[in-house]
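Undergrad: what follows is a predicted protein model with its sequence.
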Amino acid sequence: MTWPHLRSLAPTLVLMVTLIAGLTVAVDHGDVVGAALTVLVVGLTAVVQSFSRRHLRGDPRARRFLILSTVFAGASVVTVTASTLVVLAAGWSVASLVMALLLATGGAPQTRVAVRRAGVAFVIGDVALLGAVVLTVATLGTTRFARLADLDATTAVAVGALIAIAAVARAASVPFHGWLPATVASTTPVSALLHAGFVNAGALLLLRTDAVPSLAGPLVVGVAGALTVVIAGAAMLTRSDVKGRLVQSTAAQMGFMLLACSLGAFAVALVHVVGHALFKASLFLGAGSAVERAVAGRAAPRRDHDRRMPLLAALVVIAVAAAAVVGTAAWTSPSAVLLLFVVTTAAVAAAQLAEGALPAGARLAGMALVGGAVVIYVFAVADLGDLLGLPPAAAAMPATLAVVTFAAGVAVALLARTRGALADRAYVFALGWGRPPLPVSSSVPAGSSGPREYRSAS
């Protein structure tokens, strides 16, 4: 075996060692969540690296991406398997630094804007987390998660708020929403890698530190998540480009994740993290061929479908969800209110599949998957927390916050289907919110490539 061949295998071998080490630590601690997230992080990183070997073939940035992504996986595994806040913060900060370096591999002027925006958010979040570590050590002399319950009232408020800021900044939620749209200029592998335990790491941080006896943390992440769900969801409707829609969808989904954490629904948040990571990473990796698929779909002969099928598909999903709720008594859980979002989204997805141009077998398979996802969410609400050994939330926001958020989201969706001055103003606001930041005109060379927004600045 030649040296170049061995060097090409090095990232894969390091990932295998990282996986084994992470699983060993998690098993020793009886940490099911850490083990699952270790597999998620390493598995997604391996898939993205495999994709990047073809996507970046001949690109001088390819080797740098492989090295940085391997380091990123190691830092993320340290984060998800940490048993103390200081170790978690160390892995968290290294992952932030490496992700900033990964974003910089694009090299274009618009990529430098992404690095600058992301760097500011990462520094604020990491400094806040470091502040929480310092306060905890000064007060307790230790940063073990179980001891966080011993914080006095005043320190608990400060620590809870600082941890919440770190989670919100990483999730690109209000008011740190500006960095994620800028990453559309990054390479496709970097966009996919963002979902491998990075942008969604806030759920783990909030779960590990839930023992902090203060409502400050849930209040911050709950309000930030609720606002992001509604506003990013509206911004997604205004985007015509594939990656732009995916980015705003990710922001809205991360808002939902934070909202679930604020209600103490950590089992739901973790299911959402895993499902969203796998789904969105695959969509980003396939973004390059999305336009071709759309064109082929439009060119294909249209099939006449029964107009009642979308309604029937939606009703079937709702019936499956209702049966699952009754069978598991999920309605008794404080987090059952989150099923408003899940069931409504699933019903809409099933209706869209039913009226799509896919063959009948593919549409039925898609609707079956949607129904299965709903059942998994219901199980997460009812029983998964007990199965994973997750303790009840020490402090949580009332379910009213989720109801208000859901109502606002429905109102925005209905408004998007109307005409008039109010709808126009809402559209302009959402369009501006979802627009990536422009680099200064002088930094964009004539004829530069990239998203339309950046080219218009030259």
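TA: It's in.

Undergrad: what does the pLDDT read for Pro437?
TA: Confidence at Pro437, expressed as pLDDT, is 65.

Undergrad: same deal with Pro445?
TA: Predicted confidence (pLDDT) at Pro445: the value is 47.

Undergrad: and for Val113?
TA: Note on Val113: pLDDT of 83.

Undergrad: separation between Ile20 and Leu66?
TA: Separation of Ile20 from Leu66 (Cβ to Cβ, to the nearest Å): 20 Å. Using the backbone N, CA and C atoms, a C-beta is placed for each residue, glycine as well.

Undergrad: please apply the same query to Ser83.
TA: From Ser83 over to Leu66 (counting by Cβ to Cβ), the distance is 30 Å.

Undergrad: settle it for me: which of these two has more neighbours?
TA: Between Ser83 and Leu66, counted using other Cβ atoms under 10 Å, the more crowded position is Leu66 (22 against 17).

Undergrad: what's the first helix or strand after the strand or helix carrying that one?
TA: In this assignment (DSSP states H and E), Leu66 forms part of helix 62-81. Sequence order places helix 85-103 as the next helix or strand after helix 62-81, per DSSP H and E.

Undergrad: please enumerate the strands of the stretch 251-400 of the chain.
TA: Under the criterion DSSP state E, counting those that start in this stretch, the stretch 251-400 of the chain contains no strands.

Undergrad: helices of that one, start to end?
TA: 266-285, 290-299, 309-328, 339-354, 360-379, 385-388, 400-415 (DSSP state H, counting those that start in this stretch).

Undergrad: and these, which one's lowest on average pLDDT?
TA: When I compare the helices of the stretch 251-400 of the chain, helix 290-299 is least confident, with a mean of 58.

Undergrad: hmm, back to that, the helix holding Leu66: which residues count as buried?
TA: 62, 65-66, 68-81 (16 or more other Cβ atoms under 10 Å).

Undergrad: and the pLDDT at Gly389?
TA: 79.

Undergrad: now do the contacts for the closest residue to it other than its chain neighbours.
TA: Using Cβ to Cβ, 6 or more residues apart in numbering and skipping residues adjacent in sequence, the residue nearest Gly389 is Val32, 6.9 Å away. Applying Cβ atoms under 8 Å, 6 or more residues apart in numbering to Val32 gives the contacts Ala26, Leu388, Gly389.

Undergrad: in ChimeraX, how would I select just the buried ones from the residues you listed?
TA: Buried subset of the contacts of Val32, written as a ChimeraX selection, criterion 16+ other Cβ under 10 Å:
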select :26,388
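
Undergrad: turn the contacts of Val32 into a markdown table, columns for distance to Gln352.
TA: Output for these, formatted as a markdown table (distance: Cβ to Cβ, whole Å):
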| residue | distance to Gln352 |
| --- | --- |
| Ala26 | 38 |
| Leu388 | 32 |
| Gly389 | 38 |
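
Undergrad: nearest to Gly371 among the contacts of Val32?
TA: Distance to Gly371, by Cβ to Cβ, is smallest for Leu388 among those, at 23.4 Å.

Undergrad: surely the closest one touches Ala267?
TA: Yes: using Cβ atoms under 8 Å, Leu388 is in contact with Ala267, at 6.4 Å.

Undergrad: got the CA positions of stretch 381-398 in CSV?
TA: Provided in CSV are the C-alpha atoms of stretch 381-398 (Å, rounded to 0.1, in the frame of the first residue of the first chain):
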residue,chain,number,x,y,z
VAL,A,381,-43.7,12.8,23.7
ALA,A,382,-45.1,9.9,25.7
ASP,A,383,-42.4,7.5,26.6
LEU,A,384,-39.0,8.2,25.1
GLY,A,385,-37.9,10.5,27.9
ASP,A,386,-38.4,7.7,30.4
LEU,A,387,-36.7,5.1,28.2
LEU,A,388,-33.6,7.4,27.9
GLY,A,389,-33.6,8.1,31.6
LEU,A,390,-34.1,11.9,31.1
PRO,A,391,-35.2,13.6,34.3
PRO,A,392,-38.2,15.9,34.4
ALA,A,393,-37.3,19.5,33.5
ALA,A,394,-36.1,21.5,36.5
ALA,A,395,-37.8,24.7,35.0
ALA,A,396,-39.9,25.0,31.9
MET,A,397,-42.0,27.5,30.1
PRO,A,398,-45.8,27.1,30.0
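
Undergrad: look up how far Val137 lies from Leu163.
TA: In this structure residue 163 is Ile, not Leu. From Ile163 to Val137 the distance is 14 Å (Cβ to Cβ).

Undergrad: give the contact list for the closest residue to Leu135 other than its chain neighbours.
TA: Nearest residue to Leu135 in three dimensions, chain neighbours excluded: Val159, at 5.3 Å (Cβ to Cβ, 6+ apart). The neighbourhood of Val159, defined by Cβ under 8 Å, 6+ apart, consists of Ala132, Leu135, Thr136, Leu148, Leu151, Thr209, Val212, Ser214.

Undergrad: let's see which of those end up in helices.
TA: Among the contacts of Val159, the residues falling in helices (DSSP state H) are Ala132, Leu135, Thr136.

Undergrad: and Phe72, how far from Ala252?
TA: Relative to Ala252, and taking Cβ to Cβ, Phe72 is found at 24 Å.

Undergrad: just Leu401 next, same as before
TA: Distance from Leu401 to Ala252, by Cβ to Cβ: 16 Å.

Undergrad: burial of Ala365, as a residue count?
TA: Neighbour count for Ala365, taken as other Cβ under 10 Å: 13.

Undergrad: near Leu270, how many other residues are there?
TA: Close neighbours of Leu270, defined as other Cβ under 10 Å, add up to 26.

Undergrad: oh, I was asking about Gly361
TA: Neighbour tally, Gly361, other Cβ under 10 Å: 8.

Undergrad: could you measure from it over to Met367?
TA: Gly361 is 11 Å from Met367, by Cβ to Cβ.

Undergrad: not counting sequence-adjacent ones, nearest residue to Pro310?
TA: Nearest to Pro310 is Ala351, by Cβ to Cβ, 6+ apart, at 3.8 Å.

Undergrad: I'd say that neighbour and Ala314 touch.
TA: Yes: using Cβ under 8 Å, Ala351 makes contact with Ala314 at a distance of 4.5 Å.
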